[in-house]
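Chemist: no sequence on this one, just coordinates:
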DNA sequence: CTGGATCCGGGAAGATACTG
DNA sequence: CAGTATCTTCCCGGATCCAG
């Protein structure tokens, strides 16, 4: 990106992450951890390969991520955020909070991937029944999903763990899941729109937004 | 901006404010309040007039700002943030915090305007002497500056007030001021680099970062 | 098949001249 | 002063091509 040439912290930040796709690359690495080129591409539907290459080079040059070469023999390169890159978490979080209300009005042909919900889940959901034993809810599948754990009044989110004891598994179309997590609909309505809840549905109810 | 077409809150936010210059327009209106076209242009050195027109139209259409027509006779149009636009404050704040460390390494020909320091001042400075009476420090001039008030342990920032009783006035070149506010240099070094402090220098020392 | 590099068309950004 | 019009330049997007 061409620099704004301003002695201003906001402009300086945008000099680095203001380009198209750049913050979405960071989003993917924040959510999923270190990724290979193809995995990044899958999480960024619509990006051209040359553009992804360019963004990765720029971000590496700026110290936002590092490319750990899968050096000798076969190893594919891994891209991982540096500490400086992880520090963009606050920016992503604020963008997410600001953009969340507009997600339901997205065009109907918008692409959906389950792991994009992991940060909204972290920031929008909470444990309403702190006295219940620890509960694990799986959203999606290990190929594209996350495990949400409710315990002692707090909610944590992590990539799907192979050995997790899962109390409930939630799947379904994006718009219905978004409405459910935002509290716009309840579980019943969500199921009418294609959401499936396997296992203990009360585990899910434990963390969903409740009407004040 | 072309939509990313993703059912993701971050992508949705960037659909609206991801365009070049867009967040800097919001920055100006957040700092300075409602502005006219020419005032905005002065706060965004380098922007082309047609591009500013386009951004203002887009942002109005998205509900981020409103254009209050100076309708009949002479009244120039005023652009002001809506509640939705003011809600971008968190995004600007996080970008600012992330970009601040890179400001000192900006190109030496970067443009500087004093009011760009008002939000860094709000987030970086604090009142280290809460028992002292209220103190007002003016940075710059009413044409381009802000008043910082330290009282009871907290710091507030506002546009220059005509009737303010100012205890100290600070002016000088951008890089030296940035270094001073970030705690990279002390007042003495800053003055060697062209910073001038008129009035009560201890008022300034009261709010500057202190080595741990 | 993954991980890119190259090429090219369209559209956005940048600069400047012009008008009410 | 507040934009509009025009032109140039460069970035983005899509496809294709290349190497391991």
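Modeler: Arrived safely, thanks for sending. All of these numbers come straight from a predicted model, not from anything done at the bench.
Chemist: Could you list the paired strands of the lowest-mean-pLDDT helix or strand in chain A along with their orientation?
Modeler: Here the helix or strand of chain A ranked lowest by mean pLDDT, DSSP states H and E is strand A:65-68, holding a mean of 92. Applying DSSP bridges, strand A:65-68 is found paired with strand A:78-81 (antiparallel).
Chemist: Next one, pLDDT for the residue of chain A found nearest DNA strand C please.
Modeler: Taking C-beta to the nearest atom of the strand as the measure, the point where chain A comes nearest DNA strand C is residue A:38, at 2.5 Å. The C-beta positions use only the backbone N, C-alpha and C, and glycine is treated the same way. What the model reports as pLDDT for residue A:38 is 93.
Chemist: Grab the longest helix from chain A for me.
Modeler: Ranked by residue count under DSSP state H, the longest helix found in chain A is helix A:49-61.
Chemist: Name the residues of it that come out as buried.
Modeler: Neighbour counts over helix A:49-61 (16 or more other C-beta atoms under 10 Å in any protein chain shown) mark A:52, A:55, A:56, A:58, A:59 as buried.
Chemist: what domains does the record give for chain A?
Modeler: When chain A is parsed with automatic domain parsing, its domains come out as A:9-97, A:114-207.
Chemist: Next, report how far the last one is displaced from the centre of its chain.
Modeler: How far domain A:114-207 lies from its chain's middle: 13 Å, per C-alpha atoms, centre = their mean, to the nearest Å.
Chemist: Residue A:20 and residue A:36: what is the separation?
Modeler: Separation of residue A:20 from residue A:36 (C-beta to C-beta, to the nearest Å) stands at 22 Å.
Chemist: out of the two, which sits in the more crowded spot?
Modeler: residue A:20 (17 against 14; other C-beta atoms under 10 Å in any protein chain shown).
Chemist: Ignoring the adjacent residues along the chain, who's closest to the more buried one?
Modeler: residue B:18 (6.7 Å; C-beta to C-beta, 6 or more residues apart in numbering or on different chains).
Chemist: Let me see the contact set for the one you found.
Modeler: Contacts of residue B:18 were listed using C-beta atoms under 8 Å, 6 or more residues apart in numbering or on different chains, and they are A:20, A:23, B:1.
Chemist: what about the closest residue to residue A:198 other than its chain neighbours, neighbour count?
Modeler: With C-beta to C-beta, 6+ apart as the measure, residue A:169 is the residue that lies nearest to residue A:198, at 4.5 Å, once sequence neighbours are left out. By other C-beta under 10 Å, 19 other residues sit near residue A:169.
Chemist: where's residue A:169 relative to residue A:155, distance?
Modeler: Counting by C-beta to C-beta - residue A:169 and residue A:155 are separated by 17 Å.
Chemist: One more: residue A:91?
Modeler: Using C-beta to C-beta, one gets 22 Å for the distance from residue A:91 to residue A:155.
Chemist: go on, residue A:20?
Modeler: Counting by C-beta to C-beta, the separation of residue A:20 from residue A:155 is 32 Å.
Chemist: Likewise for residue A:207?
Modeler: Relative to residue A:155, and taking C-beta to C-beta, residue A:207 is found at 6 Å.
Chemist: what is in contact with these two at once?
Modeler: With contacts defined as C-beta under 8 Å, 6+ apart, the residues adjacent to both residue A:207 and residue A:155 are A:125, A:126, A:127, A:148.
Chemist: got the contact list for the last one?
Modeler: Under the criterion of C-beta under 8 Å, 6+ apart, the contact partners of residue A:148 comprise A:121, A:125, A:136, A:137, A:138, A:139, A:155, A:156, A:157, A:207.
Chemist: still on that earlier bit, distance to residue B:175 added to the domains of chain A, as CSV?
Modeler: Supplementary listing: the domains of chain A in CSV, determined by distance: least, C-beta to C-beta, whole Å:
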stretch, distance to residue B:175
domain A:9-97, 13
domain A:114-207, 37
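Chemist: Ok, which of these comes nearest residue B:101?
Modeler: When these are ranked by distance to residue B:101, counting by C-beta to C-beta, first place goes to domain A:9-97 at 8.6 Å.
Chemist: Can you show me the strands along chain A?
Modeler: Taking DSSP state E as the criterion, chain A carries its strands at A:35-36, A:65-68, A:78-81, A:135-141, A:144-151, A:154-159, A:168-171, A:196-199.
Chemist: Please tabulate the ones you listed in TSV and include distance to DNA strand D as additional columns.
Modeler: Conversion of the strands of chain A to TSV gives the following (distance: least, C-beta to the nearest atom of the strand, whole Å):
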stretch	distance to DNA strand D
strand A:35-36	13
strand A:65-68	17
strand A:78-81	17
strand A:135-141	25
strand A:144-151	21
strand A:154-159	27
strand A:168-171	28
strand A:196-199	32
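Chemist: Show me which residues of chain A sit near DNA strand C.
Modeler: Contact residues, chain A versus DNA strand C (C-beta under 7 Å from any atom of the strand): A:2, A:36, A:37, A:38, A:39, A:48, A:49, A:50, A:53, A:76, A:77.
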